[in-house]
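*Asks:* Structure, please.
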Amino acid sequence: MGAKNEIPIDSGAAIAVVMIKSRGFFETSRKILSAFNYQACEGTQMNVRNIMVTELVTLHVDEELSLASDIMNLARIRHLPIVEGERLVGIISQRDLFKASLASVMGHDYAETRDHLKSVAIRDAMVKEVITVGPDTDIQGAGRIMLEKKIGCLPVVEGDRLVGLVTETDILRCFLLHYEECVAGD
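*Replies:* Got it, this is the predicted structure:
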């Protein structure tokens, strides 16, 4: 394994869940963001381009919602950017799938739910007014946007061309890695 004090990446998800469930979520989040100032540790501010995922799974607006569901379940991802060419036109999350899948709420099995999702186009379920950032946005600013807007990811665009995606997990992972570096440097 790694060093004795090393935090496995999977622990990041557990930390996020504990933060979300705690009463002091926003206070804890503010403390994390204020601690997330790299100038004290490294002398430079990190940007979204340093942590964003650039190899993305995207879907076209005319695809069936069942395809989005299958991809999310198989690839274990929670957000899919929706594009026309390279232009970002929307995003769909697992939460959007749950909303669109009233059949699952009514107690239908997986096959019936999937059949229902086949009848829904992604364009009808996606979020069309997507909050985005540029690749030069600092990580602290991106994290603050996610907290304030209560969203789990930010598509990264140059103009209207999708170039990446940054999630709350990416930001938490980056924070943990840099926090460990700062602590090790003390």
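
*Asks:* Packing partners of the lengthiest helix in the chain?
*Replies:* Assignment by DSSP state H gives helix 168-185 as the longest helix of the chain. When contacts are defined as 3 or more Cβ pairs under 8 Å, 6 or more residues apart in numbering; DSSP states H and E, helix 168-185 packs onto helix 10-21, helix 25-35, helix 139-149. Using the backbone N, CA and C atoms, a C-beta is placed for each residue, glycine as well.

*Asks:* any idea of the angle that helix forms with helix 139-149?
*Replies:* Orientation check (axes from the mean of the first three to the mean of the last three Cα atoms, to 10 degrees): helix 168-185 against helix 139-149 gives 140 degrees.

*Asks:* switch to numbering from 36
*Replies:* All right, first residue 36 from here; so that's helix 203-220.

*Asks:* if we can go back for a sec, weakest of the helices and strands packed on helix 203-220 by average pLDDT?
*Replies:* Of all these, the minimum mean pLDDT falls on helix 45-56 (a mean of 34).

*Asks:* Tell me, how many residues neighbour residue 196?
*Replies:* Residue 196 has 12 neighbouring residues, counting by other Cβ atoms under 10 Å.

*Asks:* Need the pLDDT of it.
*Replies:* Taking residue 196 on its own, its pLDDT is 89.

*Asks:* Checking residue 104 next. Helix, strand or coil?
*Replies:* State at residue 104, reduced to three classes by DSSP: H, G, I helix; E, B strand; the rest coil: helix.

*Asks:* Who are the contact partners of residue 163?
*Replies:* By Cβ atoms under 8 Å, 6 or more residues apart in numbering, the residues touching residue 163 are 124, 125.

*Asks:* any idea how far it is from residue 88?
*Replies:* Computed as Cβ to Cβ, to the nearest Å, the residue 163 to residue 88 distance reads 22 Å.

*Asks:* And residue 202, by the same measure?
*Replies:* Residue 202 is 8 Å from residue 88, by Cβ to Cβ.
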